[in-house]
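Student: Please find the sequence and the predicted model below.
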Amino acid sequence: MSLFQAREWWRVEQASHEGEEFSFDALCVAALNEGQVVTGSLSGMLRVYGPKSREYSSGHLLLEKALHAPVLAIEAGRFVRGSHALVLAVLHPKSLVIYALSRHGSSDLDAYYSLDEVYAHDLGRPAAAMTYGPFGGARGKDSIVVLTLDGQLAFFDQDAFAFAAFLPRFLLPGPLLYISLTDTLVVGTSEFSLEAYTYASLATKSASQQPGSKPAGDDGTSAGGGGDGASGGDDGDDLDAARGKRLVPSWTLNLGQPAVQLALARFSPSLSAAQSDVLVLGVSSLFCVSERGELRSERRLPLQPLCMYPYPVGPEKHNLLLASASGMLTVLSGESVVWATKVLEPAVALAVGTFGGLRGLIVTLSADGALTLSYLGTDPSLSVIPGASLPKDADFAAMEREMRKLNATVSKASVALAASAPATDGVSTGSEPVATAALPTIAVSAAFKLLPASASAEGSSSAVVELTLTPRNARKKARDIDVRLTYPPPFRASHTAFSLPVLAPGETYTYSLVVEADHGLLPSSMRVQVAISYVVGKRAEPRSAVSSFALPLALLGRAVAPIQASLHKYTLATPDADPLDVGRLYPLLYELAELEMPEYGSPAAGVLTFQLWASSASTLSADESFVTILVSNKEGKYRLVANNLRCWAWGKMPLAPLFKALDTRFATRKALQDLRASLASQSEQLRGIQKRLLTRFTARNPEPLNSLDTLFDAAYQQVLETGSQVENLARALRLATASVAALMRLLILLLRYSCSLPADQHQRLVSLLVPPPTEGVAALESNIEWEEMLDAGLRHFVSTSLASSLAQAQQGTISLAPLTSLDGIRTNIELLVTRLADGVSLQ
């Protein structure tokens, strides 16, 4: 992070509508009449500015014209035959147009500008990039070369088409650079390398490909060439092979990463008068290459670069401006960083020019069209926190007493705030809004629509969930919104994440997805956790919001005809409000069962029997899967009635089932890790056999197979069988994780009510003991999993919060190491239960 902020001298927001964007080649600073800045957007708008004074005024916009085609690149050069005046070359996806900027009027008051088309070339192929220069050693004029998406280099000698050549092994277009000293064209390839071709070799190659080529427009064909010419890089290779001529680069340099931008400058120290550097900006490095393809230096960049611009600081020296995605602007001189500053928006294009009599103003263009002229400031804005330094001899005992006092004050304030919060009825009507804070955030609400479900326990139930995102207390647009959803087992969804580009205050966004519940599992929770990350403001300040919503009960069972039961009863009294009938409590159950909604006040409105889908696939018996809900409007009570209710807890906590489930999950996880390692070894063996077979099949004089085909079939079958076993064990691991989560939540619930734990300590136990729902689904690539994290957390609690006395409390680093057994976890869980039963608090 820089101490300095770029000092803004002139600024204008160009975007005339929402969504107008600009590319890094769509900025040009040139003296067409005076000092002008020319920009072009992907929406086809061309703008010419003439900044003459500080702060933007309407007179600084010299021209604005809609070209009705996206502007990919803009260059200024001597492109008109018989004239040395600078004109504009504008590259569109299907055409190359040359414009002349003319001024009319005798004074500044009545002056206006016009943009006149001089000539145009129809490319015929979609364009990607262009560059220009005095190709072939020409003097007093500039020629243009256009690279198309299919690898064609189309050369234009001002208003005439010269020739076209295809690059070999072409896949994706890259940046272009012309070196006049060696008359060479440098291209960044999709093979993460640089290739250089001399102009003479390209012209010779073109002569062998297209004999008798005519300029564009003479016979109705475009510069891309129709007819019998080559249609792509691969066709050009075939034609070369047929004629015995192949386009060979004069030099090649492997970069190991994609090239983002190329530039020519005198950057390295101790260069002779006839030498220059080819600067290559990669995705993570800056390369300095000689004109002959020799790597002079490489610099690793700490931030993701976007663009660069070399500017002269003398007759024999250039400095380099480098813009990053985080909004940093760095000035490099040789191997040294001479300045670093922060700009308002990340720049996608850079330039340096003279405006209003000021030399060296930095021109930056952002992706959304913010055009800024700035200079490097020298007065840092530093905020010094008073009293930040500590005395040499700190009184740690006094600091600890003060910390305890502050914690007590915060606890009292939290209790008072919770007591003063308004009460809610807690009744879900199918759309459950999540509570929002007073701070700016994004609220989430969910609505459900059930789909037809299978009537068997082996099937599944599905529901369409419509999530609605609404900004609350927000004044700025939220951008780059990323939403992540975490579902507890046995629930799974069609999507666990989605994103949207922007959400303005007052707007809402609705996203639909399908949630499915497996009938073979009992859930440990019904709530889906929602995590939202986004940025606001021009500085892309990060924000986040966390919320949750409850899934409908109808995903786990169905409503059936009322069943009489009287053995076990559980009564809920509602003295402060009249109870709602079951039709209003569970409307989705009636919708799924295709039952008529009972009228309010009728006898049927006060009774509902619910059956769990998981009865036949779990330890529940048929009788235990039915629960009848009775509503008494007169007495103000709800009553849950069942013939069988297995719920007990006495003396010590029931830890034996939990330890058994932990052992099952740990053994399943170890078996899955071993099986995946075996699958990796078998896959490597299969690839080795494949390579040997391919080598023998492609040889001119193949050797005997020597049963390699039989060995390949056996290895392939072995890989398939192991893969099937991996899938079965992965499902077993998910089931074991769900069982552990359910038993852990049961243990925490019993501890909460038997030990009178407050809500914050209950939440700490949930975070510590309950495995996340994603555990058991992701690939086990390391030996550190949930068990190791649980062991480290338990050891930390035992040595700090659960220590018998303050003197026994130990502060230190808890290391994570792969476990070979769960003995330590069992001992620490038993110790945790014992200490909580003795009244120890989790502080």
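Tutor: Alright, I've got the coordinates.
Student: And the residue nearest the centre of this protein?
Tutor: Centroid check for the chain by Cα atoms, centre = their mean gives D482 as the closest residue, at 7.6 Å.
Student: Now do the helix or strand hosting that one, average pLDDT.
Tutor: Assigned by DSSP states H and E, D482 falls within strand 478-486. Average pLDDT, strand 478-486: 90.
Student: strands paired with it, and their directions?
Tutor: Each strand paired with strand 478-486, and its direction, by DSSP bridges: strand 497-503 (antiparallel), strand 527-536 (antiparallel).
Student: Going toward the C-terminus from it, what's the next helix or strand?
Tutor: strand 491-493.
Student: elements contacting that following strand?
Tutor: strand 509-518 (3 or more Cβ pairs under 8 Å, 6 or more residues apart in numbering; DSSP states H and E). Heads up, the C-betas are built off the backbone N, CA and C, glycines and all.
Student: what about the strand it packs on, distance to the chain center?
Tutor: A distance of 21 Å separates the centroid of the chain from that of strand 509-518, by Cα atoms, centre = their mean, to the nearest Å.
Student: same deal with stretch 662-674?
Tutor: Worked out by Cα atoms, centre = their mean, stretch 662-674 lies 32 Å from the chain centre.
Student: try stretch 162-180
Tutor: Taking Cα atoms, centre = their mean, one finds the center of stretch 162-180 at 32 Å from the center of the full chain.
Student: for stretch 679-695, same thing?
Tutor: That offset, for stretch 679-695, works out to 35 Å (Cα atoms, centre = their mean).
Student: State the distance from L27 to L350.
Tutor: In this view, L27 and L350 are 8 Å apart by Cβ to Cβ, to the nearest Å.
Student: what angle sits between the strand holding D482 and strand 509-518?
Tutor: Relative orientation of strand 478-486 versus strand 509-518 (axes from the mean of the first three to the mean of the last three Cα atoms, to 10 degrees): 10 degrees.
Student: neighbouring contacts of strand 478-486?
Tutor: 442, 467, 469, 471, 493, 495-504, 511, 528-536, 540, 543, 772-774 (Cβ atoms under 8 Å, 6 or more residues apart in numbering).
Student: ok, of those residues, which come out buried?
Tutor: 442, 467, 469, 471, 493, 503, 528-530, 532-536, 543, 772-773 (16 or more other Cβ atoms under 10 Å).
Student: Could you point out which residue ranges in the stretch 301-450 of the chain have low pLDDT?
Tutor: Along the stretch 301-450 of the chain, the parts satisfying pLDDT under 70 run over 378-394, 414-440.
Student: where along it do the helices fall?
Tutor: For the stretch 301-450 of the chain, the helices defined by DSSP state H, counting those that start in this stretch cover 396-420.
Student: anything in contact with each of L27 and L350?
Tutor: Shared contacts of L27 and L350, defined by Cβ under 8 Å, 6+ apart, are found at V363, L365.
Student: Quick check: bridge partners of T372?
Tutor: R11, T364.
Student: Give me the number of neighbouring residues for it.
Tutor: Applying other Cβ atoms under 10 Å, we find 22 residues neighbouring T372.
Student: Could you verify my assumption that it touches V343?
Tutor: Yes: counting by Cβ atoms under 8 Å, V343 is a contact partner of T372 at 7.1 Å.
Student: Can you pull the residues that touch both of the two?
Tutor: A6, T364.
Student: right, and N473 touches T441 too?
Tutor: Yes: in this structure N473 lies within contact range of T441 using Cβ under 8 Å: 7.0 Å.
Student: tell me the contacts of H92?
Tutor: L67, A69, P70, V71, L72, A127.
Student: Next, the angle from the lengthiest helix in the chain to strand 509-518.
Tutor: When the chain is parsed with DSSP state H, its longest helix is helix 708-755. Computed with the same axes, to 10 degrees, the direction of helix 708-755 lies at 100 degrees from that of strand 509-518.
Student: just use 219 as the starting number from now, easier for me
Tutor: Sounds good: first residue 219 from here, last item helix 926-973.
Student: Report the distance from helix 926-973 to the chain centre.
Tutor: The chain centroid and the centroid of helix 926-973 are separated by 29 Å under Cα atoms, centre = their mean.
Student: Please apply the same query to stretch 510-525.
Tutor: Remark: stretch 510-525 is offset 25 Å from the chain centroid, using Cα atoms, centre = their mean.
Student: Put the alpha carbons of that stretch into CSV.
Tutor: In CSV, the C-alpha atoms belonging to stretch 510-525 read as follows (Å, rounded to 0.1, in the frame of the first residue of the first chain):
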residue,chain,number,x,y,z
ARG,A,510,17.2,-10.3,-30.8
GLY,A,511,15.1,-12.3,-28.4
GLU,A,512,17.6,-12.6,-25.5
LEU,A,513,16.1,-12.3,-22.0
ARG,A,514,17.9,-9.4,-20.2
SER,A,515,15.9,-9.4,-16.9
GLU,A,516,12.7,-10.6,-15.2
ARG,A,517,11.0,-8.9,-12.3
ARG,A,518,8.3,-10.6,-10.3
LEU,A,519,5.4,-8.3,-9.6
PRO,A,520,3.7,-8.3,-6.2
LEU,A,521,0.3,-7.2,-7.6
GLN,A,522,-1.7,-8.3,-10.6
PRO,A,523,-0.7,-5.9,-13.4
LEU,A,524,-3.2,-4.4,-15.9
CYS,A,525,-1.2,-2.2,-18.2
